[in-house]
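S.K.: structure here, sequence nowhere to be found:
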C-alpha cells in the first residue's frame with residue numbers, strides 16, 4: 001500500500017491482486033449462505049440494498065457517501081468466492097475504500113467458514 005492508495009476513491013478486490021488483503025476471499029459455504037451473511041451485514045451496518053441479481057451473483061449496496069458492489073461466485077457446491085468494489089463519492093478517499101473492504105471481509109470471516117484468498121490464481 002503506497003501513497004497513491006491513500007488518495008484513491010475506488011478500491012476493488014481481484015484474484016491476482018498484489019496485496020493479500022485485496023485478493024478474492026473464498027468461503028466453504030454455498031452461494032445463498034454467503035449472500036445471506038452479506039445482506040445481514042448490510043442491514044446491521046446501515047446499508048441500503050439497491051439491487052440483488054442472483055443470475056450474475058451481484059449485490060449493490062449503498063450508504064450515504066459510498067457504494068459497495070459485491071460479486072459472489074460459486075466455484076463448486078462447497079466453495080464460494082467473494083469480490084468487492086467500493087467507491088466513495090469524494091475528491092480524496094483517505095484510504096476509506098480499503099478500510100471498508102477490510103471491515104466487510106472481517107465480518108464475513110466471523111460469520112462464515114473462511115477457506116483462503118486468491119485460491120484460483
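M.R.: Ah, there it is. Everything numeric here is computed off the predicted structure, so don't read it as measured data.
S.K.: so which residue is dead centre in the chain?
M.R.: Centroid-nearest residue in the chain, with CA atoms, centre = their mean: residue 84, separated by 3.0 Å.
S.K.: secondary structure element for that one?
M.R.: strand 79-88 (DSSP states H and E).
S.K.: now that strand, how far from the centre of its chain.
M.R.: Strand 79-88 sits 3 Å away from the centroid of its parent chain (CA atoms, centre = their mean, to the nearest Å).
S.K.: for the chain, what helix or strand is lowest in average pLDDT?
M.R.: Least confident helix or strand, the chain: helix 3-7 with a mean of 85, by mean pLDDT, DSSP states H and E.
S.K.: which other residues reach that helix?
M.R.: Identification of contacts with helix 3-7 by CB atoms under 8 Å, 6 or more residues apart in numbering yields 11, 92, 93, 94, 95, 98. C-betas here are computed from N, CA, C, even on glycine.
S.K.: what of stretch 69-83?
M.R.: Here stretch 69-83 has contacts from 12-14, 24-31, 33-35, 38, 56-61, 84-86, 104-105, 108, 115, 119-120, using CB under 8 Å, 6+ apart.
S.K.: on that earlier part again, tell me which of the contacts of helix 3-7 fall in strands.
M.R.: The strands, defined by DSSP state E, take in residue 11 from these.
S.K.: so which of the contacts of helix 3-7 is the closest to residue 67?
M.R.: residue 11 (11.8 Å; CB to CB).
S.K.: pLDDT weak spots in the chain?
M.R.: Residue ranges of the chain with pLDDT under 70: 1.
S.K.: how many neighbours does residue 74 have?
M.R.: 15 (other CB atoms under 10 Å).
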